[in-house]
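Participant: Sequence and computational prediction follow.
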2 protein chains.
Amino acid sequence: MELQTAKGVRDVYPEEQLLRQKVIAVLKKTFEKYGFSPLETPTIERFETLSAKYAGGSEILKETFQFEDQGKRKLGLRYDLTVPFCRFVGMNSTLKMPFKRYEMGKVFRDGPVSSDRVREFTQCDVDVVGARSILAEAEFISIYNEVFNELGIKFELRINNRKLLNGMTETVGASNAEEVILAIDKLDKIGEKGVSAELKQKGCNDKQIKQLFELINTTDLSKLKKLIKSEKGQEGIKELEELMEYTKGLNRVFVPSLARGLAYYTGTIFEVYASEGEIKSAIGAGGRYDKMIGAFLESKQEYPAVGVSFGLDRICSVLKEKGVKSRKTPTQIYVIPIKTVKESLEVVKELRSEGINAEMDLNERGISKNLDYANSYEIPFVLFIGQEELKKKKLKLRDMVSGNEEFLSVEEVVKKLK
Amino acid sequence: MELQTAKGVRDVYPEEQLLRQKVIAVLKKTFEKYGFSPLETPTIERFETLSAKYAGGSEILKETFQFEDQGKRKLGLRYDLTVPFCRFVGMNSTLKMPFKRYEMGKVFRDGPVSSDRVREFTQCDVDVVGARSILAEAEFISIYNEVFNELGIKFELRINNRKLLNGMTETVGASNAEEVILAIDKLDKIGEKGVSAELKQKGCNDKQIKQLFELINTTDLSKLKKLIKSEKGQEGIKELEELMEYTKGLNRVFVPSLARGLAYYTGTIFEVYASEGEIKSAIGAGGRYDKMIGAFLESKQEYPAVGVSFGLDRICSVLKEKGVKSRKTPTQIYVIPIKTVKESLEVVKELRSEGINAEMDLNERGISKNLDYANSYEIPFVLFIGQEELKKKKLKLRDMVSGNEEFLSVEEVVKKLK
């Protein structure tokens, strides 16, 4: 048997996992600072839920891992955290609104694999349901700012509004709004020429195309206001103005061509990109989806909802690219007993009781092998414990970076390491 | 469509998730204190890996969720974290030994469902590979003590040794060692009578059965030493003596009938039970499995390994039973703007910048609805911000438990909440 991982999935080595934990800690702290609570939904959902009409749609369903349990029930691995969240809210009609939750968990896509696309990855989502005011969106812009500033990542947070996009298609009199919006969304990828060709293909005439480009190139909201001949579009502009007002001083930019593929967005949409380095994919995205949860329910009651997602793997890639180093192990000190196993166990115990991450040679190896071990895991300090040192109550501490050695009591070692 | 979760899986509500996070934080801190590093293996493995001869065995394989990707590759959801760990070690021949890792992740079993058995649960595993010395086991006993003491759970940590169990069957001359050991393992469940009947069925005669009971009832290692007529059994006793010596003063008890089902253990075995409350299932378990990793490899090289697992869900059940309360939300203060949205946003910003978890009304609701919201999530403080209060720079803070109200500056609010 050849040992290998399944296609498109991978092991996360300790060094990378330690970096991830740092990012996760920043996310968790920030989400809670904004009043979001942790929720955990299962990895496995009923296939019926994942394939519901208002869930992720046919493209994503094609990439859903499907299987059955022993009772022949049709199941699937979730492809995002939004559908399980909607299912949860729908099942819990007594939830006090607004309900604010965050969830970090694995999601799965049985699609093509590339350096940027894997089949199992961690999403970090934060959503509020039951909040109609644009203040909710303002909070997410603030969260994005806080997280990326704390992580030291230069970023561009793009915002737009689906109502405005619909208003643009209404203004130019395009009949197939959804397709026109999807074409506009490709501006970054295929350029004006490409979008223009696609719009033509979708049935837009030259005048309409020209007009559309005029609109998506107008980044001044007050100018745009005069060009939009559509009630819905004016509503979108009003929401954007309000959002810009609430988030004065924060890093965000209005991008009229931003559309985001997913059909379920109804208002504000967000996308975040790192504005340094080589990672070109979004490191965060989200938006308002006022109709999705209700669509899961018989009552068709509307549940106004907004949420954003953080791409953990891509954020870590940006950090690694920036040269952010993480430790190879959390161990701070490695203890080498020289025929003093029992006594060394006591010393290790004392170090740990002071909160120091301490490891001890478990194999009664020689000194050079032990130093080689400590070096390979980049453990910063090594403590040698021989009979002589124990008698004098002075243990030999070696700084593995400088090579300096000194003789210290256990208390002094603790002080030094703290 | 009826909204429901898949059979045997469930949502973890914020209140429970906050409790879990506390337990996870204790585990993580302790594992790192003992020099273990985080590793993350994928949820999806090749079915070939999960079904390898030396993996979990046929019982567990029956309960493995199986499926295919679009390329018709046979895949499965991992049923534990040990098999992926062995696969990882086998694939990474340059790992510096000993390699010490912890992993907390979801595992899946397509089996019968009960209050105690679900189909998707979180395991917290900590393992060392490349450590032959019994010191490794001593470290795990210490970890168990530290974790359960910190969590305030009274526990019984049972230890035994597979070599001793094999030595017992050799001593009485039983031919089918594995089956005899599996029968003995049921002592707690079916009592001496039941075990006796099962041993008879497995071909033991009355004398052998009597002798076996004498052995498993001898909890004094020095007495047992005299009764065991088997080299392997003596080796097991020596290892147990050494382990008891290294762990003097720690909570652990030698239980000669402890066997643990899994075939892959080769030496020390552990099981931990809560010694208070109604949770009768093990909250932790593990042991030494020196042959398992090598069995995955062509070279058949031996990789001495020991590991233990913590049952997160059961530990949380014990804590809940003990009445350990967790918050319903991490939010510390709820801000109610009274026609002061913009100014209140500034106050909230200031509170958060001081590290306080602060939430603000997003719906411009009236005071009583807002208080009702704060009450239902048990948010400890509410801050009212009206024009008058802003002018005087004294905001009204209400302690939601006592009902007391006072007028404070933002700085004073911060001080109070910290």
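Facilitator: It's in.

Participant: From here on, just use CA atoms for contacts and neighbour counts.
Facilitator: Will do.

Participant: For the stretch 101-250 of chain A, what lies in contact range of chain B?
Facilitator: On the criterion C-alpha under 8 Å from any C-alpha of the partner chain, chain B has as its neighbours in the stretch 101-250 of chain A the residues A:Arg101, A:Asp110, A:Gly111, A:Glu120, A:Ala131, A:Arg132, A:Ser133, A:Leu135, A:Ala136, A:Tyr246.

Participant: need these in a markdown table with distance to B:Leu187, pLDDT and neighbour count, can you?
Facilitator: A markdown table is the format used below for those (distance: C-alpha to C-alpha, whole Å; pLDDT from 0 to 100; neighbours: other C-alpha atoms under 10 Å in any protein chain shown):
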| residue | distance to B:Leu187 | pLDDT | neighbour count |
| --- | --- | --- | --- |
| A:Arg101 | 46 | 98 | 23 |
| A:Asp110 | 46 | 96 | 23 |
| A:Gly111 | 50 | 94 | 18 |
| A:Glu120 | 42 | 96 | 19 |
| A:Ala131 | 57 | 94 | 22 |
| A:Arg132 | 61 | 93 | 19 |
| A:Ser133 | 63 | 95 | 17 |
| A:Leu135 | 62 | 96 | 22 |
| A:Ala136 | 59 | 97 | 23 |
| A:Tyr246 | 67 | 95 | 20 |
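
Participant: Which of the residues you listed fall in helices?
Facilitator: Counting by DSSP state H, these place A:Leu135, A:Ala136, A:Tyr246 in helices.

Participant: picking that back up, identify, from the residues of the stretch 101-250 of chain A next to chain B, the entry nearest to A:Ala55.
Facilitator: Of all those, A:Ala55 sits closest to A:Asp110, with 16.9 Å by C-alpha to C-alpha.

Participant: got the contact list for the closest one?
Facilitator: Residues near A:Asp110 by C-alpha atoms under 8 Å, 6 or more residues apart in numbering or on different chains: A:Lys62, A:Glu63, A:Thr64, A:Phe65, A:Arg119, B:Asp69, B:Gln70.

Participant: List buried residues within those.
Facilitator: Neighbour-count burial within the contacts of A:Asp110 applies to A:Glu63, A:Thr64, A:Phe65, A:Arg119, B:Asp69; the criterion is 16 or more other C-alpha atoms under 10 Å in any protein chain shown.

Participant: Tell me which helix or strand A:Lys29 sits in.
Facilitator: Per DSSP states H and E, A:Lys29 falls inside helix A:14-33.

Participant: what comes up buried for that helix?
Facilitator: Going by neighbour count (16+ other C-alpha under 10 Å), the buried part of helix A:14-33 is A:14-20, A:23, A:26-28, A:30-33.

Participant: of these, closest to B:Val89?
Facilitator: A:Pro14 (12.9 Å).

Participant: Quick check: A:Gln234 vs B:Glu235, distance?
Facilitator: 83 Å (C-alpha to C-alpha, to the nearest Å).

Participant: Which of the contacts of A:Asp110 sits closest to B:Ile338?
Facilitator: A:Thr64 (47.2 Å).

Participant: what does the model give the closest one for pLDDT?
Facilitator: Here the pLDDT value assigned to A:Thr64 is 96.

Participant: Could you pull up the residues touching it?
Facilitator: The contact partners of A:Thr64, by C-alpha under 8 Å, 6+ apart, come to A:Gly76, A:Leu77, A:Arg78, A:Tyr79, A:Phe108, A:Arg109, A:Asp110.

Participant: re the thing from before, near chain B, list only the ones from the buried residues of helix A:14-33.
Facilitator: Okay, of the buried residues of helix A:14-33 touching chain B (C-alpha under 8 Å from any C-alpha), that's A:Pro14, A:Gln17, A:Leu18, A:Glu32, A:Lys33.

Participant: Was I right to think the third one contacts A:Val324?
Facilitator: The one in question is A:Leu18. No. If you go by C-alpha atoms under 8 Å, A:Leu18 and A:Val324 don't touch, sitting 11.6 Å apart.

Participant: what's the neighbour count on A:Lys210?
Facilitator: 13 (other C-alpha atoms under 10 Å in any protein chain shown).

Participant: okay, now the domains of chain A?
Facilitator: Here the domain parsing of chain A from automatic domain parsing is A:14-321, A:333-417.

Participant: what distance separates the start and the end of the first one?
Facilitator: This points to domain A:14-321. Note: domain A:14-321 ends 18 Å apart using C-alpha to C-alpha.

Participant: pLDDT below threshold where in the stretch 251-400 of chain A?
Facilitator: A:262 (pLDDT under 70).

Participant: Closest to the centroid, which residue in chain A?
Facilitator: In chain A, the residue lying closest to the centroid (C-alpha atoms, centre = their mean) is A:Phe310, at 2.2 Å.

Participant: Which helix or strand contains it?
Facilitator: Using DSSP H and E, the element containing A:Phe310 is strand A:305-311.

Participant: what's the offset of the helix or strand following that strand from the middle of its chain?
Facilitator: Moving toward the C-terminus from strand A:305-311, the first helix or strand encountered (DSSP H and E) is helix A:312-321. Averaged C-alpha coordinates place helix A:312-321 at 10 Å from its chain's average position (C-alpha atoms, centre = their mean, to the nearest Å).

Participant: Which strands and helices lie in contact with helix A:312-321?
Facilitator: helix A:14-33, strand A:120-129 (3 or more C-alpha pairs under 8 Å, 6 or more residues apart in numbering or on different chains; DSSP states H and E).

Participant: List the neighbouring strands of the helix or strand just after that helix plus their orientation.
Facilitator: Tracing the chain C-terminally past helix A:312-321 and defining elements by DSSP H and E, one meets strand A:333-337 next. Strand A:333-337 pairs in its sheet with strand A:358-360 (parallel), strand A:381-385 (parallel), by DSSP bridges.

Participant: and those as a markdown table, adding distance to B:Lys225 and mean neighbour count?
Facilitator: Formatted as a markdown table, the strands paired with strand A:333-337 follow (distance: least, C-alpha to C-alpha, whole Å; neighbours: other C-alpha atoms under 10 Å in any protein chain shown):
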| stretch | distance to B:Lys225 | mean neighbour count |
| --- | --- | --- |
| strand A:358-360 | 31 | 26 |
| strand A:381-385 | 34 | 23 |
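
Participant: right, and the ones you listed - which one's nearest A:Ser344?
Facilitator: Nearest to A:Ser344, of the strands paired with strand A:333-337 and by C-alpha to C-alpha, is strand A:381-385 at 6.6 Å.

Participant: What lies in contact with that closest one?
Facilitator: Residues contacting strand A:381-385 (C-alpha under 8 Å, 6+ apart): A:332-338, A:340, A:344, A:371, A:374, A:395-400.

Participant: coming back round to it: with the ones in helices among the residues of the stretch 101-250 of chain A next to chain B in mind, which one is nearest to A:Lys96?
Facilitator: Ranked by distance to A:Lys96 (C-alpha to C-alpha), these are led by A:Ala136 at 16.3 Å.

Participant: Need the nearest residue in space to the closest one, chain neighbours excluded.
Facilitator: B:Leu362 (6.3 Å; C-alpha to C-alpha, 6 or more residues apart in numbering or on different chains).

Participant: mind listing what that neighbour touches?
Facilitator: B:Leu362 touches A:Ala131, A:Arg132, A:Ser133, A:Leu135, A:Ala136, counting by C-alpha under 8 Å, 6+ apart.

Participant: number of nearby residues for whichever residue of the stretch 301-418 of chain A sits closest to chain B?
Facilitator: Using C-alpha to the nearest C-alpha, A:Asn357 is the residue of the stretch 301-418 of chain A that sits closest to chain B, at 3.8 Å. Residues near A:Asn357, counting by other C-alpha under 10 Å, number 24.

Participant: so can I have CSV of the strands paired with strand A:333-337 showing distance to A:Gln201?
Facilitator: Output for those, formatted as CSV (distance: least, C-alpha to C-alpha, whole Å):
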stretch, distance to A:Gln201
strand A:358-360, 66
strand A:381-385, 67
